[in-house]
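Asker: turn this into a structure:
(chains A and B)
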Amino acid sequence: MSSTADHRALRIRDAVRKATGSDSPELSSTLQFLELHGLDLHQEPEDLVLYEVYRDETTSGAVRTFADIVIPGTATRSAHPTTATHGIHFRKIYTPSSPPIVRGETPHVEFSRTTRAVAKIPFDLGLRLSPLAHAPLTYRSRVVPGQTFAALSPFSDLSYEDAIATPLLPELAAALEQRINLSYEAILRMHAENVLHGDLHLDNIMWIADAPSTPVQPIDLASALFREDLSVEEWEAGTFDDLNEFLREAGLLQLNIGRRIQGRCFSESCRLAEELFPAHLAAAMAKLPK
Amino acid sequence: MDVVMNKFQTVILNKEEGIILRGQFPGSFCFVPVAFVEAKADGDIKVHRSRYLMSTWARRNVRLNPGRTIGSHLFPEEGNTRLSTDEAAVRKFLSRARTMIAP
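Answerer: From the prediction side, this is the model:
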């Protein structure tokens, strides 16, 4: 982002803080304000990056993929009229070295698969995923107002041993248990509609804190697969691939608190412990008291 | 790093020394280890973003601001916004952070 754009974004971020009533408004009021008024705040040709939400960088600092919440510039609104209907949107930019591009999951593929999946999966799981536009290295959709499961997990970036040993306040353990349960059930509901996510790591489930009735939102359906296109074996392998990171998270939580937790995901993680964990941890899970 | 430590009030979190900056999203705060911060001649501060991203603090700061940010990473607002631990909102952020991760 150029220095001029930096200053413009700073100015608009400050204006949003003031306009939404306090320096610390709820996220939903910030987003509602921007969806309504974003276009009035920016009239330049280029998109204005308002908030940075994802970066995939190599250890050498090269950015492979990045995603931002932008106010679309006039050029984007003109080229993709669907973007002129919302004051802000989610914009993901790939480079030729982005892993999805290397796998052939271009923005065009993501747009097509997301559109197809959203038509099949339960309404609440597709509600916020509306694709808006795509170009050879750019994908645009509505903003999903949540935080990724991975970012919220106290076990992220820890080894198994450190995750099991990390001190967890009871309320944090309870919140993680709820996120695991509801995410797992959401994935099963996708499967019941014959759709596999296809790339379901913990950064591809969002938790929307201020939507208590529908807090789980799978995102990034570029790898989605459909039962009618797969063999029975491919479908069964795919369902396990979709679920296994949540099963591991469920296993780590039970090992951390030293007892079994009731619920489908938690009992499955005990049943499948030998497939999910090294032998010593699978053995420890087998010994967990109820 | 010495210049930063002289100019800004530092705090310890998860056994790391850092400063608190405003996050890009309203009402959010970032803990940034001093090793990733540089004081510029004009008094502004510069965050070494790649090192911050690689350090896991970009993710961890999302967790420390529940419901206030979007996505998987939180980046600090750059410029001259220097936050003191005397501010109530910063104290609240630090207090919550210390209960969520090791002090």
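
Asker: quick one, what contacts the residue of the stretch 51-200 of chain A found nearest chain B?
Answerer: Proximity to chain B, evaluated over the stretch 51-200 of chain A using C-beta to the nearest C-beta, is greatest for A:Val53 at 3.0 Å. Heads up, the C-betas are built off the backbone N, CA and C, glycines and all. Contacts for A:Val53 (C-beta atoms under 8 Å, 6 or more residues apart in numbering or on different chains) come out as A:Ala67, A:Asp68, A:Ile69, A:Phe90, B:Thr69, B:Ile70, B:Gly71, B:Ser72, B:His73.

Asker: hmm, the strand ranked longest in chain B touching chain A?
Answerer: In terms of residue count, the longest strand belonging to chain B (DSSP state E) is strand B:16-22. No - remark: strand B:16-22 sits outside contact range of chain A, by C-beta under 8 Å from any C-beta of the partner chain, the gap being at least 9.0 Å.

Asker: who does that strand touch, helix- and strand-wise?
Answerer: Packing partners of strand B:16-22 (3 or more C-beta pairs under 8 Å, 6 or more residues apart in numbering or on different chains; DSSP states H and E): strand B:11-13, strand B:29-33, strand B:45-47, helix B:88-100.

Asker: looking at these, which is buried most?
Answerer: strand B:29-33 (a mean of 25; mean count of other C-beta atoms under 10 Å in any protein chain shown).

Asker: just checking: what are the partner strands of that one?
Answerer: Partners of strand B:29-33 in the sheet, by DSSP bridges, are strand B:16-22 (antiparallel).

Asker: does A:Glu245 touch A:His201 like I think?
Answerer: Yes - using C-beta atoms under 8 Å, A:Glu245 makes contact with A:His201 at a distance of 5.7 Å.

Asker: if you count what's nearby, which of those two comes out ahead?
Answerer: Neighbour count, other C-beta atoms under 10 Å in any protein chain shown: between A:Glu245 and A:His201, A:Glu245 has more, with 20 against 15.

Asker: secondary structure element for the more buried one?
Answerer: helix A:232-257 (DSSP states H and E).

Asker: need the next SSE after that helix, C-terminal direction.
Answerer: Helix A:232-257 is succeeded, C-terminally, by helix A:264-271 (DSSP H and E).

Asker: and that next one, how far from the chain's centre?
Answerer: In terms of C-alpha atoms, centre = their mean, to the nearest Å, the centre of helix A:264-271 is found 23 Å from the chain centre.

Asker: tell me the mean pLDDT for it?
Answerer: Helix A:264-271 comes out with an average pLDDT of 97.

Asker: counting by contacts, list what it packs against.
Answerer: Using 3+ C-beta pairs under 8 Å, 6+ apart: helix A:264-271 touches helix A:170-192, helix A:232-257, helix A:279-286.

Asker: and of these, who's closest to A:Thr106?
Answerer: helix A:232-257 (21.0 Å; C-beta to C-beta).

Asker: next, count neighbours for A:His134.
Answerer: 20.

Asker: grab the nearest non-local neighbour of the closest residue to chain B within the stretch 101-250 of chain A.
Answerer: Nearest residue of the stretch 101-250 of chain A to chain B: A:Ala209, at 3.2 Å (C-beta to the nearest C-beta). Nearest residue to A:Ala209 in three dimensions, chain neighbours excluded: B:Gly67, at 3.2 Å (C-beta to C-beta, 6 or more residues apart in numbering or on different chains).

Asker: check what pLDDT that neighbour gets.
Answerer: 88.

Asker: just checking, it touches A:Gln147?
Answerer: Yes - contact criterion C-beta under 8 Å: B:Gly67 and A:Gln147 qualify, at 7.3 Å.

Asker: anything in contact with each of the two?
Answerer: Common neighbours of B:Gly67 and A:Gln147, counting by C-beta under 8 Å, 6+ apart, are A:Ala209.

Asker: which one's more surrounded, those two?
Answerer: Using other C-beta under 10 Å, the more surrounded residue of B:Gly67 and A:Gln147 is A:Gln147, with 26 against 17.

Asker: up against chain A, what does chain B have?
Answerer: Near chain A, when you scan chain B using C-beta under 8 Å from any C-beta, you find B:24-27, B:50, B:53-54, B:56, B:58-60, B:62-63, B:66-73, B:75, B:77-79, B:89, B:99-102.
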